[in-house]
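# Task: produce atomic coordinates for the following.
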Amino acid sequence: MNQYETQAMREILIGKGFKECASRDIADIYILNTCTVTEKADRESRYWIGMFHKTNPKAKIVVTGCYAENNAEEILFLPGITSIIKNEDKNRIAEILDPELKGSGSDQVKPLSITDFKGHTKAFIKIQDGCENRCAYCKVPFVRKSLVSKPIDDILTEARSLIDRGFKEIVLTGICLGAWGKDIFPHEMASEVGLSRAGIVDVLKAIDKIGGDFRIRISSIEPKYVTDELIELVSGSKRICKHLHIPLQSGDDEVLARMNRQYTSSEYFGLVHKAKSKIKDLAITTDVLIGFPGEGEESFRNTVSLIKDVVPLRTHIFTFSRRKGTAAYDMPQETKEFDLKKRYYELKVASLATSFLYRKEYLGKKLNILIESKRDKASGLLAGYSDNYIKTLIKGPDDIMKRIVPIKVDDMTLLHTLGSYE
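Numbering: from 1, shown residues only. So this is what the prediction gives:
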C-alpha cells in the first residue's frame, strides 16, 4: 500500500513541476510516508525524521501515512516538521506543498492512481482502502477507517497503462483486499448490476480479459474472503498466479478468539486443504503473530503444529506490539523477552523446513519465472519469482531481465532455490 501511494504522490509532484532528487542529493523537501502497524514502525519513522533534519536543517519535512493519522501532535514536536498530511489528502500533496497550485487545472481532486512503478519489476495496483475487521492487536482500522473501493473502470485504466509500460506482473493490493465492492454495492444488489457478489472475483475477471503478456497476483487476503468462487477462478485461470497469502496469526483456538480472528485452526486448515486440492501447484504464504497476551507454551505448540500441517512456502513471523486503543492493549500476561526470542527461532526453523518441503517438489522441473531488473547482490546471479512465488537464483544473461522465462530448477538448499536458463 505505502509503495503504491508513494509512487502516486511522486507522479503528482513531478506532474506539477517538482523535481525528484537522487538519494545522494540533499533535498529541499523530504516526504516520509509512514506505517504504524507496530511500535517499531513508529520508531523508524521518528528516526528518519531526525536523519532528514540532520542532513538538511533548512529542509521542509512532510509526514504522511498511517503514523501521521493519530499521532500528529507527537510528530509536530519533532524538529523540522512543516506539514502533516492525512491519508485522505495525499492526492492534494502538490497544492499543500505549494498553495499557489491550488485551483490550477481541474478543481476536482482525483483518487490516487499511477502510470508507472519506479524501481520495481512488478507493479502494484491499490484497489481498496479501509478495513471492516477489528482484530484485537491491530491499529490499522483506526487510521484507515472507511471502506473505499476503486471502480473497476479506474482499475482497468491503471492496469492497461502499466501493462503498456512493459510490466509483466500486476499485484492487487489493499488494506482489506477481499472487501472490495462492499461500499459500492450491497451484496444483495450485486446481481442487478452484473457483479457476481461485488467481490474481488469481479476485479480479477475484468483484468484477466485484458490482452497482453502479463500475470496477476493477489496480495494478502483474509481467510473469510477466500471463497469457493475465488478458488474456482484461480484454478481455471492461466493468468492469475497460483499463490495465496492467507494470514493465520495463531494456530491456537483460544488465542484466535482473543485476537477476534473469526475462525478456528481447523477451519483455517480446512480452507487451505480445499484450496490446494482445487488449485494445482498452489503455494500458501502466511503471517504468524507470536507473543500475543495469553499465548502460553501449549498455544505456541499448536501454532507450530499447524504450520507443519499447512506447509507454507513462506511464513512471515512478527511479535506482538501493544498499540494504544486496540482491544489487546490492556490485556495481561505479556510473554517474557527470552521466551519470545526462543519461540521466534523455533518457528523460524519450522517455517524454513516447510518451505524446503514445498520447493523440493520442483527439483529438476521448469518454472516460469519473472526475472528481476537487478542481480542478487550476494551471489551475482539473476533472481526472480515463479507464478507460485518461489524465489530462484538463476544462471543466465542480462537480456532476460523483466521477462517471464522458463527456468530449470537445478538445486536447492534450506534457504535458496537455484536454477538455470537454457
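
# In the record's domain split, what are the boundaries for this protein?
2-101, 113-241, 244-263+271-362, 363-420 (automatic domain parsing).

# how much space between the closest residue to residue 251 other than its chain neighbours and residue 218?
The shortest distance from residue 251 to any non-neighbouring residue, by Cβ to Cβ, 6 or more residues apart in numbering, is to residue 306 (3.1 Å). Yep, even glycine has a C-beta here, placed from its N, CA and C like the rest. Applying Cβ to Cβ, to the nearest Å, the value for residue 306 to residue 218 is 22 Å.

# Report the contact partners of the residue nearest to residue 251.
In this structure, residue 306 makes contact with 248, 251, 265, 268, 269, judged by Cβ atoms under 8 Å, 6 or more residues apart in numbering.

# could you pull out the helices for the stretch 201-350 of the chain?
Along the stretch 201-350 of the chain, counting by DSSP state H, counting those that start in this stretch, helices occupy 228-236, 253-259, 265-278, 297-310, 337-359.

# any idea how far the second one is from the chain center?
In terms of Cα atoms, centre = their mean, to the nearest Å, the centre of helix 253-259 is found 24 Å from the chain centre.

# just the third one next, same as before
Going by Cα atoms, centre = their mean, the spacing between the C-alpha centre of helix 265-278 and its chain's C-alpha centre is 22 Å.

# Tabulate the domains of the chain in JSON lines, adding columns for mean pLDDT.
Converted to JSON lines, the domains of the chain look like this (pLDDT from 0 to 100):
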{"stretch": "domain 2-101", "mean pLDDT": "93"}
{"stretch": "domain 113-241", "mean pLDDT": "90"}
{"stretch": "domain 244-263+271-362", "mean pLDDT": "96"}
{"stretch": "domain 363-420", "mean pLDDT": "96"}
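
# Show me which of the contacts of residue 306 are buried.
Buried subset of these (neighbour count, 16 or more other Cβ atoms under 10 Å): 248, 251, 265, 268.

# Closest to residue 365 out of these?
Distance to residue 365 across these (Cβ to Cβ) is lowest for residue 248, with 27.8 Å.

# List the contacts of that closest one.
Counting by Cβ under 8 Å, 6+ apart, residue 248 touches 268, 286, 287, 288, 303, 306, 307, 310.

# so can I have TSV of those showing distance to residue 206?
Output for the contacts of residue 248, formatted as TSV (distance: Cβ to Cβ, whole Å):
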residue	distance to residue 206
268	29
286	27
287	28
288	33
303	37
306	35
307	35
310	31
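
# Between the residues you listed, which sits nearest residue 50?
Nearest to residue 50, judged by Cβ to Cβ, of the contacts of residue 248 is residue 287 at 29.7 Å.

# circling back: and of the contacts of residue 248, the nearest to residue 381?
Within these, proximity to residue 381 (Cβ to Cβ) peaks at residue 286, which comes in at 27.3 Å.

# For that closest one, give its distance to residue 15.
39 Å.

# Between those two, which has more neighbouring residues?
In terms of neighbours (other Cβ atoms under 10 Å), residue 286 is the more surrounded of residue 286 and residue 15; the figures are 24 against 11.

# Residue 315 is in contact with that one, correct?
Yes: the criterion here is Cβ atoms under 8 Å, and residue 286 meets it with residue 315 at 5.6 Å.
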